[in-house]
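Q: Here's my sequence, what's the structure:
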Amino acid sequence: MEDKDKSNLSFTRYQKFVVAMLAFLQFTIILDFMIMSPLGAIMMPALKISPAQFGVVVSVYAFSAGISGLLAAGFADRYDRKKLLLFFYIGFLLGTLFCALAPTYEFLIAARMVTGIFGGVIGSIVFAITTDLFPLTMRGRVMGFVQTAFAASQILGIPAGLYFSNLWGWHAPFLMIVAVGAIAGIIIFSFLQPINGHLKYKTDKNPFHHLWTTVSKPRYLFAFATTALLSTGGFMLMPFGSAFTVHNLGIHIEKLPMLYLITGICTIFVGPLVGRASDKFGKLKTFNFGALLSIIMVFIYTGLGISSLSTAVIVNTILFVGIFSRMIPSQALMSAIPDPSSRGAFMAVSSSLQQISGGVASVVAGLIVAEEVGGRILHFDILGYIVIGTIVITMIMMYSINRLIQRDTKV
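A: Numbering: from 1, shown residues only. A predicted model of the protein is given here:
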């Protein structure tokens, strides 16, 4: 059981800076993925591609991210995490720039692949830094603040991206991400202190052996499987969210920025509150609350027909409350699984499997849904049933993860 007194520990000034910096960094990474959903309704007719092809555009990022994460896992604990973060973040920005310059569908696929190779590793480095610098009793709040980037990407990024895409085409939002990301890179380079405390622990000199010892531990394997399954929901529903909203709910495409703006403003306060609840009441209890709420809202959302803007806002907002209430405590719990000597490798492998399973989910979703003449999305409710099934399974798996952590750490 978590020590509720320790959950009230205050952040130091530098810790507050690190949390703000990581949240800003995550803003750019999440925006790169999130922007694909609202741009879907614009990109599919512009590039003359089908929903299945658009699913490939989304999933190629995930597959390349997953592969690069596995390759990087063996080296993840051998270097200063600040240097690793800068290296992969620069590569991510270059890949995003290529997306902005992409003239064809094929070029865009290649650009998304480059972006995924570098961007897919960054999340694992962020979580490794979080675990290095913050105790478990504070990680719920840290994850909560970092995940406000998810809402901020809706409030600032998605409406701005849609606005610029309406003015200058779908290429423009990627240029916006590069510009914002350059600011984040300068902040990291200038102010983040070296993060090399993990180097004092003895690790395998052979990176492939280090990777093998990480993926062969039974308790790690179960955690990897849980993480992979947790990611399927977002990758199944989000890529087709804008097309579903426009063509099934009847919300005009010009009102999409307003929908994302209002939803984002409502949910930006959710992350810190969920993080605090995780540290105060228990991470598993918070996760179960989010899982049950997600089940209800996914069922409602995927079954909606023609709706008003206010209805779409309410449903999306409550759905995101459920998503955050699953995401934040699960990430905090998972961070307690690895040993310090293999923390970077564990996070890298976990992120890779998350991306790969998300890519599979996106491809499967693209094969399940179909598009009628006029753009209406068919079989979206089937995706909802699949997502609900995975949520139920992860509730059982997270219960086992929590028991494992209690046994090993006595937290």
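Q: in the stretch 1-150 of the chain, which ranges drop under the pLDDT threshold?
A: Filtered on pLDDT under 70, the stretch 1-150 of the chain yields the residue ranges 1-9, 37-38, 76, 150.
Q: I meant the stretch 301-411 of the chain, not that one.
A: Using pLDDT under 70, the flagged stretches of the stretch 301-411 of the chain are 409-411.
Q: in it, which spans are helices?
A: 309-334, 343-368, 380-409 (DSSP state H, counting those that start in this stretch).
Q: For those, please prepare JSON lines with the additional fields mean neighbour count and distance to residue 303.
A: The C-beta positions use only the backbone N, C-alpha and C, and glycine is treated the same way. Formatted as JSON lines, the helices of the stretch 301-411 of the chain follow (neighbours: other CB atoms under 10 Å; distance: least, CB to CB, whole Å):
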{"stretch": "helix 309-334", "mean neighbour count": "22", "distance to residue 303": "10"}
{"stretch": "helix 343-368", "mean neighbour count": "25", "distance to residue 303": "15"}
{"stretch": "helix 380-409", "mean neighbour count": "16", "distance to residue 303": "5"}
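Q: Which among those helices is found nearest to residue 288?
A: Comparing the helices of the stretch 301-411 of the chain against residue 288 with CB to CB, the closest turns out to be helix 380-409 (6.2 Å).
Q: For residue 40, see how far away residue 30 is.
A: 16 Å (CB to CB, to the nearest Å).
Q: of these two, who's got more company?
A: residue 40 (24 against 20; other CB atoms under 10 Å).
Q: give me every residue that touches that one.
A: Neighbouring residues of residue 40 by CB atoms under 8 Å, 6 or more residues apart in numbering: 54, 239, 240, 241, 242, 243.
Q: Is it correct that the third one is in contact with residue 377?
A: Yes - in terms of CB atoms under 8 Å, residue 240 counts as a neighbour of residue 377; the distance is 5.9 Å.
Q: which neighbours do the two share?
A: Shared contacts of residue 240 and residue 377, counting by CB under 8 Å, 6+ apart, come down to 51, 369.
Q: So for those two, which residue has more residues nearby?
A: Neighbour tally, residue 240 and residue 377, criterion other CB under 10 Å: the higher count belongs to residue 240, 27 against 19.
Q: separation between that one and residue 263?
A: Counting by CB to CB - residue 240 and residue 263 are separated by 17 Å.
Q: again with residue 375
A: Residue 375 is 22 Å from residue 263, by CB to CB.
Q: Mind checking which of the two has more residues around it?
A: residue 263 (23 against 15).
Q: which residues touch that one?
A: With CB under 8 Å, 6+ apart, residue 263 has these contacts: 154, 313, 316, 317, 320.
Q: Mind telling me what element it is part of?
A: Here residue 263 sits within helix 256-267, counting by DSSP states H and E.
Q: what about that helix, distance to the chain center?
A: Centroid displacement of helix 256-267 relative to its chain, using CA atoms, centre = their mean, to the nearest Å, is 18 Å.
Q: and the direction of it versus that of helix 309-334, what angle?
A: Here the directions of helix 256-267 and helix 309-334 differ by 50 degrees (axes from the mean of the first three to the mean of the last three CA atoms, to 10 degrees).
Q: what does the next helix-or-strand element following helix 256-267 rub up against?
A: Note on helix 256-267: by DSSP H and E, the next helix or strand toward the C-terminus is helix 270-281. By CB under 8 Å, 6+ apart, the residues outside helix 270-281 that reach it are 2, 4, 7, 137-148, 150-151, 286, 290, 320-321, 324-325, 328-329, 332.
Q: Got phi/psi on the closest residue in space to residue 278 that isn't next to it in sequence?
A: Once flanking residues are discounted, residue 278 sits nearest to residue 140: 3.1 Å by CB to CB, 6 or more residues apart in numbering. Dihedral angles phi and psi of residue 140 (degrees, to the nearest 10) take the values phi -60, psi -50.
Q: what's the average pLDDT for stretch 171-187?
A: Regarding stretch 171-187, the rounded mean pLDDT is 87.
Q: which other residues reach it?
A: With CB under 8 Å, 6+ apart as the test, stretch 171-187 has contacts from 21, 24-25, 27-28, 31-32, 35, 39, 86, 89-90, 92-93, 96-97, 99-102, 157, 160-162, 164-165.
Q: surely residue 147 meets residue 330?
A: No - in this structure, residue 147 is not within contact of residue 330 by CB under 8 Å, at 11.1 Å.
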